[in-house]
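**Q** here is the input, now give the coordinates:
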Amino acid sequence: MEFGELHNEDCQEGMKEFPDKHFDLAITDPPYFSGPEKRGFYGRRISPIGVRRDYQKSDNWRVPGPEYFEELTRVSKNQIIWGINYFPHAANLGPGRIVWDKCNGSSSFSDCEIAYCSLHDSVRLFRYMWNGMMQGKSITEGHIQQGDKRKNEKRIHPTQKPVALYKWLLMEYAKPGDKILDTHAGSGSCLVACEDMGFEYVAFEIDPKYCDLIRERLREERAQTRMKL
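**A** Presented below is the predicted three-dimensional model:
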């Protein structure tokens, strides 16, 4: 069953088609800076344990400016925006923050990622391991490594976030019947979470290559869901 729409389109153009406060909750992960789209791989160029994930390089990688945030807050009642610490022009959005602790040990990548959340004025923490082949066991035991690597989430995007993170966000901040907006679908993790939890969504992905990969991922997830029924 399909729960939403995925558009291969610039989100700033796409959002113009919607009236004010059309979406109940926007959960977005816009590009923070240029770089990940150019290297073509995740992790180290030469991995000491032989693990490396190659990606398609992207020519469509736009770090949003103030006009993006203006349009996003126009079309949505509430927002969760990852990478808020990289956007000084969005500092006036409010004090609410969500911190994702990636439990990544001695990795050279950031220990945490920070999101703005319009739904509270405090700081909330979610712990979920996300470091190469080391991924969290579950939403409630995210600090514990998943022992069976066959259950690991397949990475298809250089800044991919885990489905478990989005499921937690939906459980904590969305209500039944809410309409979700994802302006930068990327790997499609948010859309997988929405479909698994029955939320209607509209999503945009400007890069046609990643749009195709998202659609393939959603087809695979739907097939697995049907097999379990």
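
**Q** what about the strands in this protein?
**A** For the chain, applying DSSP state E gives strands covering 4-7, 23-28, 41-42, 53-54, 76-82, 97-101, 112-117, 123-127, 130-131, 134-135, 179-182, 200-204.

**Q** generate CSV for those strands, with mean pLDDT and distance to Pro162 as supplementary columns.
**A** Bear in mind the C-beta positions are built from the backbone N, C-alpha and C, glycine included. Formatted as CSV, the strands of the chain follow (pLDDT from 0 to 100; distance: least, Cβ to Cβ, whole Å):
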stretch, mean pLDDT, distance to Pro162
strand 4-7, 95, 19
strand 23-28, 98, 13
strand 41-42, 54, 14
strand 53-54, 58, 14
strand 76-82, 98, 12
strand 97-101, 98, 9
strand 112-117, 97, 11
strand 123-127, 98, 10
strand 130-131, 91, 6
strand 134-135, 92, 7
strand 179-182, 98, 15
strand 200-204, 98, 17
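
**Q** those strands: which one's closest to Met171?
**A** Closest approach to Met171 among the strands of the chain (Cβ to Cβ): strand 123-127, 10.5 Å.

**Q** including mean neighbour count, could the strands of the chain go into JSON lines?
**A** As requested, those are exported to JSON lines (neighbours: other Cβ atoms under 10 Å):
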{"stretch": "strand 4-7", "mean neighbour count": "16"}
{"stretch": "strand 23-28", "mean neighbour count": "23"}
{"stretch": "strand 41-42", "mean neighbour count": "16"}
{"stretch": "strand 53-54", "mean neighbour count": "14"}
{"stretch": "strand 76-82", "mean neighbour count": "22"}
{"stretch": "strand 97-101", "mean neighbour count": "19"}
{"stretch": "strand 112-117", "mean neighbour count": "20"}
{"stretch": "strand 123-127", "mean neighbour count": "15"}
{"stretch": "strand 130-131", "mean neighbour count": "20"}
{"stretch": "strand 134-135", "mean neighbour count": "18"}
{"stretch": "strand 179-182", "mean neighbour count": "24"}
{"stretch": "strand 200-204", "mean neighbour count": "22"}
